[in-house]
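*Asks:* Predicted model follows, preceded by the sequence.
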Amino acid sequence: MIAFTDIVGMDLAKQALMLLAVDSELGGVVIPSAVGSGKSTIARAFAGILPEGTPFVELPLNVTEDRLIGGVDLEATLATGVRVVQHGVLSKAHGGVLYVDSISLLDSSAVSHIMDAISRGEVLVEREGLSEVHPAKFMLVGTYDPTDGEVRMGLLDRIGIIVPFTAQNDYRARKKIVNMVLGKRDAEDTRDELNMLTGLIQAAKEQLPHVSITNEQLQALIQTAISLGVEGNRVDIFTVRAALASAALAQRSDVEEEDMKLAIKLVLIPRATRMPEREAASDDMPPQEEPPPEDETESEDEESPADTPDADAEEEQEETPDMIEELMMDAIEMELPDNILNISLASKKKTTTGSRGEALNNRRGRFVRAQPGEMRTNKVALIPTLISAAPWQETRRRDKKMAGRAKTALLITKDDVKIKRFRDKSGTLFIFMVDASGSMALNRMRQAKGAVASLLQNAYVHRDQVALISFRGKQAQVLLPPSQSVDRAKRELDVLPTGGGTPLASALYLGWETAKQARTKGISQIMFVLITDGRGNIGLQATFDPNAEKAPKEELEKEIEALSLSIQADGVAAIVIDTQMNYLSRGEAPKLAQKLGGRYFYLPNAKAEQIVEAALSF
Amino acid sequence: MILKVHRLKVSTKRSIMTQTETAAKKSAAKKTVAEKVKADATVTTTPEPKKAVKSAAKKKSGLAFPFTAIVGQEEMKLSLILNIIDPRIGGVLVMGHRGTGKSTTVRALAEVLPFIERVEGDTYNRTLEQYLEAEDGKKGSKPLDPRSIKTEQIPVPVVDLPLGATEDRVCGTIDIEQALTSGVKAFEPGLLAQANRGFLYIDEVNLLDDHLVDVLLDVAASGKNVVEREGISIRHPARFVLVGSGNPEEGELRPQLLDRFGLHARIITILDIAKRVEIVKRRREFDDDPDAFMKKYNREQQKLQKKIQQAKDLLPEVSMTDSVLTDIARLCMNLGIDGHRGELTITRTAFAHAAFRGEKVVTMKHVQEIAGLCLRHRLRKDPLETLDAGEKIDRELAKVLGEAEAV
């Protein structure tokens, strides 16, 4: 195994894990990075810098509820006739590390249980006649590949540190370095280095209670969280803890600027939902909220705030806005891409859907739990049935003996029968693609919104999800990621810009991407609902390169055709709804429908219900 | 606090252990398997010492953050308090942003709850009257002498229903160990029994499994839990205040369940820096030394607890004029709320609110302050509506008030 100290690169991830080693109350570290970049190596190496004997439990992705939370141990129960409790994975990680590789692929019910365990620090086992509380305070280390989809925000909210995802992790380069380094060094060096590091962490742990943070620093950190639009108040505590741990690692008793920067980088920025303004903010980001109140007149620059004592808080407060801005910007600019929203998970959360696409059912999907039920119409879960029958054998035998029955048979009654429940991500994902270009856009948009809303009204029953993509100007845009939440749809659909060119190809491409992502989450039925006249006039090239020449018409058609074929080959159903008045139409929409292998509907002045009907009829 | 409840339960159980142990043994011996337990009979009537000890070992939760130390989120705190004052309000659903202290607040609630009287050691927390009604006059048993039954004071129970709970633990089942060791088919009450006359809390309620939602809806509607297993049938009271919390972005709540909640509190990220600094400071203080922190808030906690008890006592004396009632009805009508649950909830909540403020007459001012809580989730959902539910209610309220004043 590669030791923590032998890993080259991934400095932020290493820093993050060290902070966690110093203060386990940070909850955990999530490391997004590309395949093969050594993310799991570093996570496993983390165990090596923790005190000896610290549990390190790896969570398999296909874990059942039973294994996760704990339950009855069948073997021991059968052997003893007394119910024997088996601790779940969560409580086995107590006092140590719970490691989840590919955490974004974790089943949503498992995520819920992990969230619950984190917030309680224990697992409540109220299952199969057991009622117990197992301690389960653990550090969660999760790694994942962002192309697999994102981690549920609720879970991220309970994990202190999220290492910003940067493209710098070229695994080939690093592999080479690792090999090179490994070749040269001997085991003794490694051991010495590891010992030094663990010593450092131990010292930092002892230092931690003696580190103090000033009022102004607290305010600055919180102001930064607000400016970045971070949701919730829990994150403030993580930010402060991270800063304190960083100071402790440096054996200081005061928090300094660098600690705050690190905390901002590792805790706040990955949760940013908006870009704070400084220089001319990037083009299409609407200005959201005034950053810090700038009522200050004189500006003292370059005074290290950490050196000023806690006294005179009033005076110091005035100084904070400047300081924060500096801090924040420094942290943001350092080695991170220009646009923080590219690295922020929060802004990308649009792809997470929570559990809504999933439904427990009795027939198909992944087996998650057994529960009492009707034997004839369901699949019987044999082992849980035996578990529930096992302890009763003696009593029942006594009963039966009186009734003059054989003693040897295994006595199973109707009450014992447990049926299998499966979790299946069922339902259909409807991806609405609405042409928001030109003059009729407003009308089309309204229809689409109505249709989305109306579908969502019934989403609970059908487990359907809806996404909305609008296309106008240079490129298409996901307005509403796959969702079942009426609340969210409402919020995201409130403002819809219209007008400009028709980047149809971009819309198809984006829709296809969305569909592919949904597939990895187990949604198999996907339908495109295109509301357009089918006349695309902006090519994909223009989407990626704003300075590109306008592509000729033939090329545009070829693009669309190629995309349509791929989409069709992927088994995505499609309908095209043309709402344009007939005399304007030149037959592009029916052609588009044909290319996609879908149906064409001509519904001028369509009502939202008609669109829904068309979508559902297919 | 949950800790406190259990500790208390345990100690009471222990104290009666010696008295009842012999009796329990005797009765256990008497009830042989051959003696079929009659349907509809409540089986466990004697508290069972062994289990009490078990529960002492298992429930060891840390100290809960004190309720009075929670900064902001007044809407949620008020809804919880009003539900303590009058449990008939029907519970509260707390929905809002992540990391805003939803579950912290609910778990803190237990510390400020008043006491209720129950029959000593009764697993269903029944009052003496309820106990007699259910237990007396059973076939084959001697009539109970009310004077021989002791009662005790316990804090209103708060029971946590985890998402992973299975049906048998929620509803209760047959106690296997007892069945094995003594051959007695005794009912082992579930979470619903523990929650009787108390609070049942479900975190992430919008993620609760459908079949558990079914159970809850059933029990909430009837106030009774019925379990049939191994040839016996148990029916016990299960009236509780349902408290749920969750983040709406993680999923919608089933409409029928939504309708069950009396109040709907919304909670958002606090944006005030001073408040947030205070939150961080208090949290750190608590984490550093929980005991000292608890001590610091002890007086305020007791003050609030007393205030709640006073409001509870005052509640029967609170009255409402017909004109206020008319205004409430008009408000609900204008908002197009189906059924009468809206009016009923507003009225009860307004009564409790007045009582909490120490006032004996409900005015429209009280109504105004709680109308949003009561009605927010009862408006018909129109996804195209840009107006927030709260604003809509305020607007209609203003209209009603305007009319009322003009007349």
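*Replies:* Sure thing, it's come through.

*Asks:* make it CA atoms for all contacts and neighbour counts henceforth
*Replies:* OK.

*Asks:* and chain B, what are its domains?
*Replies:* Residue ranges for the domains of chain B, per automatic domain parsing: B:2-12+B:35-45+B:73-264, B:317-406.

*Asks:* In JSON lines: those domains, plus mean neighbour count.
*Replies:* Shown next, in JSON lines, are the domains of chain B (neighbours: other C-alpha atoms under 10 Å in any protein chain shown):
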{"stretch": "domain B:2-12+B:35-45+B:73-264", "mean neighbour count": "20"}
{"stretch": "domain B:317-406", "mean neighbour count": "18"}
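
*Asks:* could you dump the helix ranked longest in chain A to PDB, C-alpha only?
*Replies:* Ranked by residue count under DSSP state H, the longest helix found in chain A is helix A:187-207. Taking C-alpha atoms only, helix A:187-207 is exported to PDB below (Å, rounded to 0.1, in the frame of the first residue of the first chain):
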ATOM      1  CA  ALA A 187      10.700   1.700   3.500                       C
ATOM      2  CA  GLU A 188      12.600   3.200   6.300                       C
ATOM      3  CA  ASP A 189      12.300   6.700   4.900                       C
ATOM      4  CA  THR A 190       8.600   6.200   4.400                       C
ATOM      5  CA  ARG A 191       8.200   5.100   8.000                       C
ATOM      6  CA  ASP A 192      10.100   8.000   9.300                       C
ATOM      7  CA  GLU A 193       8.000  10.400   7.300                       C
ATOM      8  CA  LEU A 194       4.800   8.800   8.400                       C
ATOM      9  CA  ASN A 195       5.900   8.900  12.000                       C
ATOM     10  CA  MET A 196       6.700  12.500  11.700                       C
ATOM     11  CA  LEU A 197       3.300  13.300  10.200                       C
ATOM     12  CA  THR A 198       1.400  11.300  12.800                       C
ATOM     13  CA  GLY A 199       3.500  13.200  15.500                       C
ATOM     14  CA  LEU A 200       2.500  16.500  13.900                       C
ATOM     15  CA  ILE A 201      -1.100  15.500  13.900                       C
ATOM     16  CA  GLN A 202      -1.000  14.400  17.500                       C
ATOM     17  CA  ALA A 203       0.600  17.700  18.500                       C
ATOM     18  CA  ALA A 204      -2.000  19.600  16.600                       C
ATOM     19  CA  LYS A 205      -4.700  17.700  18.400                       C
ATOM     20  CA  GLU A 206      -3.300  18.800  21.700                       C
ATOM     21  CA  GLN A 207      -2.900  22.300  20.400                       C
END
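
*Asks:* tell me which residues in it are buried?
*Replies:* Of all the residues in helix A:187-207, those buried under the rule 16 or more other C-alpha atoms under 10 Å in any protein chain shown are A:190, A:193-194, A:197-198, A:200-205, A:207.

*Asks:* For the helix or strand following that helix, name the packing helices and strands.
*Replies:* Remark: after helix A:187-207, the chain's next helix or strand is helix A:215-227, criterion DSSP states H and E. Secondary-structure packing of helix A:215-227 (3 or more C-alpha pairs under 8 Å, 6 or more residues apart in numbering or on different chains; DSSP states H and E): helix A:234-249, helix A:313-317, helix A:320-333, helix B:273-288.

*Asks:* Test of understanding: give the bridge partners of the residue nearest the centre of chain B.
*Replies:* Taking C-alpha atoms, centre = their mean, the centroid of chain B lies closest to residue B:199, which sits 1.7 Å from it. According to DSSP bridges, the residues that bridge with residue B:199 are residue B:158, residue B:241.

*Asks:* That one contacts residue B:242, correct?
*Replies:* Yes: judged on C-alpha atoms under 8 Å, residue B:199 makes contact with residue B:242 at a distance of 6.1 Å.

*Asks:* Sketch out the low-pLDDT regions of the stretch 501-618 of chain A for me.
*Replies:* Applying pLDDT under 70 to the stretch 501-618 of chain A flags residues A:522, A:542-551, A:580-586, A:604-606, A:617-618.

*Asks:* Tell me the residue of it that sits nearest chain B?
*Replies:* residue A:608 (11.4 Å; C-alpha to the nearest C-alpha).

*Asks:* so who does that residue touch?
*Replies:* Shown in contact with residue A:608 (C-alpha atoms under 8 Å, 6 or more residues apart in numbering or on different chains): A:447-451, A:454.

*Asks:* try 10 Å this time
*Replies:* A:444, A:446-455, A:614 (C-alpha atoms under 10 Å, 6 or more residues apart in numbering or on different chains).

*Asks:* swap in residue B:302?
*Replies:* Taking C-alpha under 10 Å, 6+ apart, one finds B:68, B:111-113, B:308 in contact with residue B:302.

*Asks:* quick one: low-confidence ranges for the stretch 1-150 of chain A?
*Replies:* Judged by pLDDT under 70, the stretches of the stretch 1-150 of chain A that qualify are A:1, A:8-9, A:35-37, A:78, A:81.

*Asks:* just the strands in it please.
*Replies:* According to DSSP state E, counting those that start in this stretch, the stretch 1-150 of chain A carries its strands in the segments A:28-32, A:56-58, A:70-72, A:85-87, A:97-101, A:122-127, A:130-135, A:139-144.

*Asks:* With mean neighbour count and distance to chain B as new columns, can those be given to me in TSV?
*Replies:* Putting the strands of the stretch 1-150 of chain A into TSV (neighbours: other C-alpha atoms under 10 Å in any protein chain shown; distance: least, C-alpha to the nearest C-alpha, whole Å) gives the following:
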stretch	mean neighbour count	distance to chain B
strand A:28-32	28	16
strand A:56-58	20	20
strand A:70-72	24	10
strand A:85-87	17	12
strand A:97-101	24	19
strand A:122-127	25	5
strand A:130-135	21	5
strand A:139-144	26	17
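
*Asks:* Can you name the residues of the stretch 1-150 of chain A that neighbour chain B?
*Replies:* Residues of the stretch 1-150 of chain A that fall close to chain B, judged by C-alpha under 10 Å from any C-alpha of the partner chain: A:25, A:65-66, A:68-69, A:81-83, A:108-110, A:112-113, A:115-117, A:119-135.

*Asks:* Go again with 8 Å.
*Replies:* A:65, A:69, A:82-83, A:112-113, A:116, A:124-134 (C-alpha under 8 Å from any C-alpha of the partner chain).
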